[in-house]
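J.: When you get a sec, could you give me coordinates for this:
(6 chains)
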Amino acid sequence: MNLHTLNKTGQAMQACLAAITEMDALVLLEDGVYALGEDIGTILPESVKCFAIRDDILSRGVRNTCDSRVASINWKDFVSLSAEYDKVISWG
Amino acid sequence: MNLHTLNKTGQAMQACLAAITEMDALVLLEDGVYALGEDIGTILPESVKCFAIRDDILSRGVRNTCDSRVASINWKDFVSLSAEYDKVISWG
Amino acid sequence: MSSQHYLIISTAAPYSGVKPRAALDMALTAAAFEQEVTIVFRDEAVRQLLSGQETDNSGLKNIGKMIPALEMYEVKRICVHAPSLFLQGMNDEYLLDGIEHVSDADLKSLVESADQVMVF
Amino acid sequence: MSSQHYLIISTAAPYSGVKPRAALDMALTAAAFEQEVTIVFRDEAVRQLLSGQETDNSGLKNIGKMIPALEMYEVKRICVHAPSLFLQGMNDEYLLDGIEHVSDADLKSLVESADQVMVF
Amino acid sequence: MKYTLVINGAPWSSASALSALKFAEAAMEARNEIVRLFFYQDGVFNASVNCVPPQDEIDIPARWQSLIKQHELDAVVCAASALKRGILDKPEVERYEKPGATLRNGFTISGLGQFIDAAQQSDRVINFVS
Amino acid sequence: MKYTLVINGAPWSSASALSALKFAEAAMEARNEIVRLFFYQDGVFNASVNCVPPQDEIDIPARWQSLIKQHELDAVVCAASALKRGILDKPEVERYEKPGATLRNGFTISGLGQFIDAAQQSDRVINFVS
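T.: Numbering: from 1, shown residues only, chains lettered A, B, ... in the order given. Predicted coordinates:
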């Protein structure tokens, strides 16, 4: 059970999606929140929990955030998540 | 009659190819020489002259350089070319 | 000295590096020095034009709020490369007001006719 | 202190930024400090593995010559992500010797089992 | 939890330095331990004393410095990364005969081995990629 | 031909600073004129006095400096880019109360307007994108 992070789209997103397993979770941050506009929620295995940093969604003016599949979180939530999973893997 | 330069592949290459006209020329430099492996010679309009910086071809170990469509040049040649065309447009 | 026509092409997303600022600063300065300036946003740079960028809590400088300044400082044409908009999955309704659409053919002739073309 | 398994994933082309060096230095240091190290080259990073990189006239540091040092300094596995090789239009015959191929599934299980995964 | 953070991005350029700072601040607020902050690649500029950010923008190096001071954190700057980028401490300034040090108070220059060492002592390593 | 070159890349990171240097050297060898070298964005680090490149690598800032000296070139560093990256001349060091200047001899800090001015006087502008 690992926590993946993604801070951009493109190849990094493909690498992340290829490595994520059903028990893992994903945090979108920085330009990774643009993945919300590319419907990452529908591409991910259903069992993978998906989060996105609220500040980064707001600053980038990203829509599709009401998607119930993706929870918007703050930095403290991210810290808590990092403790809940075995390790953190940052794709970028 | 403009001289285009390209220092990477990907989106920059697409932008360059979309903007180049039949009277123009192209210099590949830095990571732009990887375009040789993507057969840029066959994508470009036939009338467009294509050059690549020799040092950059060698350092990157790029093959397909014997392609007669593409002339390998040094920095002095690049300087001369920049004078022959009306302006230089660097895509990257 | 006669004025030149600058075509500034911005290609990067607003908050992931320094290129967006480099393009905006160049456009603003050229206009301030009485050059004729056209700026075109293409590829990920179209995201700079999204309305509703809220940076209050993030510590970032709001790029979305710098775009209207371009017109104020007499940057003549503020354009979005329409095919990029489509590729980034963006609609017109998401965009700031007053942005002109250009096609590949439009951009090609801009590149051909400008005195200086600078890509950032 | 017990040794950890490091998985270093390199993603960038050899001469266009600092990431390739960051990945190589991290792999070499981890190995020097007696960690178990696997390095995987994927996306544009597969170009780091091209044989015949000649930097003598360019002033660049030869990345191709640093790869064999990985084995010498006891980096345990040096791998190329095979699908990336295909996407970059590269053949095995262009590659340096002694590079192990890994599939998407192999990489997935490496990511799952390593103690530290670092992407550069 | 014991954390080691790797900061790879420059303060002026990438959202990634800002993310690392905010994570570090939140981690300390939630009473975690940071074993070491490791500044790598362009991340070494977070330890520059000379950077003058625009007045209406966040001063990331100053924020790191106050976090480090407040919690007495161990902040190590990668020596190889720093040297080529001109981030120097006093001994290096003398050794290379340069005009003046550029390392901010609270930061130490050392080798990449310090990262491996910290990782072994930590529950989680977080690599803020640029 | 009269040239203005814009250098956008840092000496340690990008091939683009090296390309600009080699172009400038070749242009001078072929008896052209360089109206101005303009260092923009991370390109300002080419004017850092503090950078210590690895011994087996080319020292790009030193090469710029000797080219500038030999041909008495006008080398301008963008003020806004330089300030946030900690490349400071003596007046700025005093103004911002920083420990020491980091600008190399031969370079001047000034505004982006200096680029527009040079472009107007040049036959060709070459923007070395990073």
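J.: Report the helix or strand with the lowest average pLDDT across chain A.
T.: helix A:40-43 (a mean of 87; mean pLDDT, DSSP states H and E).
J.: Need the CA coordinates for that helix. PDB is fine.
T.: Extracted in PDB, the C-alpha atoms of helix A:40-43 (Å, rounded to 0.1, in the frame of the first residue of the first chain):
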ATOM      1  CA  ILE A  40      -8.000  10.900 -14.400                       C
ATOM      2  CA  GLY A  41     -10.800   9.700 -12.100                       C
ATOM      3  CA  THR A  42     -12.200   7.500 -14.800                       C
ATOM      4  CA  ILE A  43      -8.800   6.100 -15.800                       C
END
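J.: end to end, how far does stretch E:97-109 reach?
T.: Terminal residues of stretch E:97-109 lie 17 Å apart, using C-alpha to C-alpha, to the nearest Å.
J.: residues of it that come out buried?
T.: Residues of stretch E:97-109 classed as buried by neighbour count (16 or more other C-beta atoms under 10 Å in any protein chain shown): E:98, E:100-104, E:106-107, E:109. The C-beta positions use only the backbone N, C-alpha and C, and glycine is treated the same way.
J.: Show me the contact partners of that stretch.
T.: With contacts defined as C-beta atoms under 8 Å, 6 or more residues apart in numbering or on different chains, stretch E:97-109 is touched by E:39, E:47-50, E:61, E:64-65, E:68-69, E:74-79, E:82, E:86-90, E:92-93, F:49-50, F:52, F:86, F:99-102.
J.: Narrow those to those in strands?
T.: Of the contacts of stretch E:97-109, the ones assigned to strands by DSSP state E are E:39, E:75-78.
J.: what two of those residues are the furthest from one another?
T.: Taking C-beta to C-beta, the two most distant members of the ones in strands among the contacts of stretch E:97-109 are E:Ala75 and E:Cys78; they sit 11.4 Å apart.
J.: quick one: is the longest helix along chain E near chain C?
T.: Assignment by DSSP state H gives helix E:15-29 as the longest helix of chain E. Yes: contact of helix E:15-29 with chain C is found when judged by C-beta under 8 Å from any C-beta of the partner chain, involving E:15, E:18.
J.: residue boundaries of the helices in chain E?
T.: With helices called from DSSP H, chain E shows them at E:15-29, E:60-71, E:79-85, E:90-95, E:113-121.
J.: again with chain C
T.: C:19-32, C:67-72, C:82-87, C:104-113.
J.: tell me the contacts of A:Ser80?
T.: So, once contact is read as C-beta under 8 Å, 6+ apart, A:Ser80 ends up touching E:Ala30.
J.: before we move on, the earlier item: quick check, nearest of the buried residues of stretch E:97-109 to D:Met26?
T.: Nearest to D:Met26 out of these is E:Ile109 (C-beta to C-beta; 17.5 Å).
J.: Does that closest one have any beta-bridge partners, and if so which?
T.: Here E:Ile109 sits in beta bridges with E:Val77, going by DSSP bridges.
J.: Which one, of the helices of chain E, ends up nearest to chain D?
T.: helix E:113-121 (4.4 Å; C-beta to the nearest C-beta).
J.: at contact distance from chain A, anything in that closest one?
T.: No: using C-beta under 8 Å from any C-beta, helix E:113-121 stays clear of chain A, coming no nearer than 10.8 Å.
J.: Centre of the chain to that helix, how far?
T.: Its chain's C-alpha centre and that of helix E:113-121 lie 15 Å apart, by C-alpha atoms, centre = their mean, to the nearest Å.
J.: cool, and stretch C:109-120?
T.: Worked out by C-alpha atoms, centre = their mean, stretch C:109-120 lies 13 Å from the chain centre.
J.: just stretch E:106-116 next, same as before
T.: With C-alpha atoms, centre = their mean, you get 9 Å for stretch E:106-116.
J.: repeat for stretch A:74-82
T.: 12 Å.
J.: in it, what's buried?
T.: Burial within stretch A:74-82, assessed by neighbour count using 16+ other C-beta under 10 Å, is assigned to A:75, A:77-79, A:81-82.
J.: Listing request: residues of chain C with sub-threshold pLDDT.
T.: Along chain C, segments meeting pLDDT under 70 span C:1.
J.: who in it is up against chain F?
T.: Residues of chain C lying near chain F by C-beta under 8 Å from any C-beta: C:1-2, C:4, C:18-19, C:22, C:25-26, C:29-30, C:32-33, C:35, C:116, C:118-120.
J.: Please list which of those residues are also close to chain B.
T.: Near chain B, taking C-beta under 8 Å from any C-beta as the test, the members of the residues of chain C next to chain F found are C:116, C:118-119.
J.: where along chain A do the strands fall?
T.: A:3-6, A:25-28, A:49-53, A:70-73, A:88-91.
J.: Save those as a markdown table, and put in mean pLDDT too.
T.: Shown next, in a markdown table, are the strands of chain A (pLDDT from 0 to 100):
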| stretch | mean pLDDT |
| --- | --- |
| strand A:3-6 | 98 |
| strand A:25-28 | 98 |
| strand A:49-53 | 96 |
| strand A:70-73 | 94 |
| strand A:88-91 | 98 |
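J.: quick one on the thing from earlier: tell me which two of the buried residues of stretch E:97-109 sit farthest apart.
T.: Most distant of the buried residues of stretch E:97-109, by C-beta to C-beta, are E:Lys98 and E:Gly106, 20.9 Å apart.
J.: does chain C sit close to stretch A:15-29?
T.: No: between stretch A:15-29 and chain C, judged by C-beta under 8 Å from any C-beta, nothing touches; the nearest distance is 11.2 Å.
J.: what comes up buried for that stretch?
T.: Residues of stretch A:15-29 classed as buried: A:15-20, A:24-29 (neighbour count, 16+ other C-beta under 10 Å).
J.: Show the backbone phi and psi for the residue with the largest distance to the centre of chain E.
T.: Relative to the centre of chain E, the most outlying C-alpha is that of E:Glu97, 24.3 Å out, by C-alpha atoms, centre = their mean. Backbone torsions of E:Glu97, given as degrees, to the nearest 10, read phi 50, psi 50.
J.: Just want the residue of chain C that's nearest chain D.
T.: Closest point on chain C to chain D, by C-beta to the nearest C-beta, is C:Gly17, at 11.6 Å.
J.: Please tell me how far that residue sits from F:Asp42.
T.: Distance, C:Gly17 to F:Asp42, by C-beta to C-beta, to the nearest Å: 10 Å.
J.: higher neighbour count, these two?
T.: Neighbours per residue, other C-beta atoms under 10 Å in any protein chain shown: of C:Gly17 and F:Asp42, the larger number sits with F:Asp42, 27 against 22.
J.: Dihedrals phi and psi, the residue of chain E found nearest chain B?
T.: Relative to chain B, the nearest point of chain E is E:Ser13 (16.3 Å; C-beta to the nearest C-beta). Backbone torsions for E:Ser13, taken as degrees, to the nearest 10, come to phi -110, psi -40.
J.: quick one: contacts for the nearest residue to A:Asn2 once chain neighbours are set aside?
T.: Leaving aside its sequence neighbours, A:Asn2 sits nearest to A:Asp24 (C-beta to C-beta, 6 or more residues apart in numbering or on different chains; 5.0 Å). By C-beta under 8 Å, 6+ apart, the contact list for A:Asp24 reads A:1-4, A:48, A:85.
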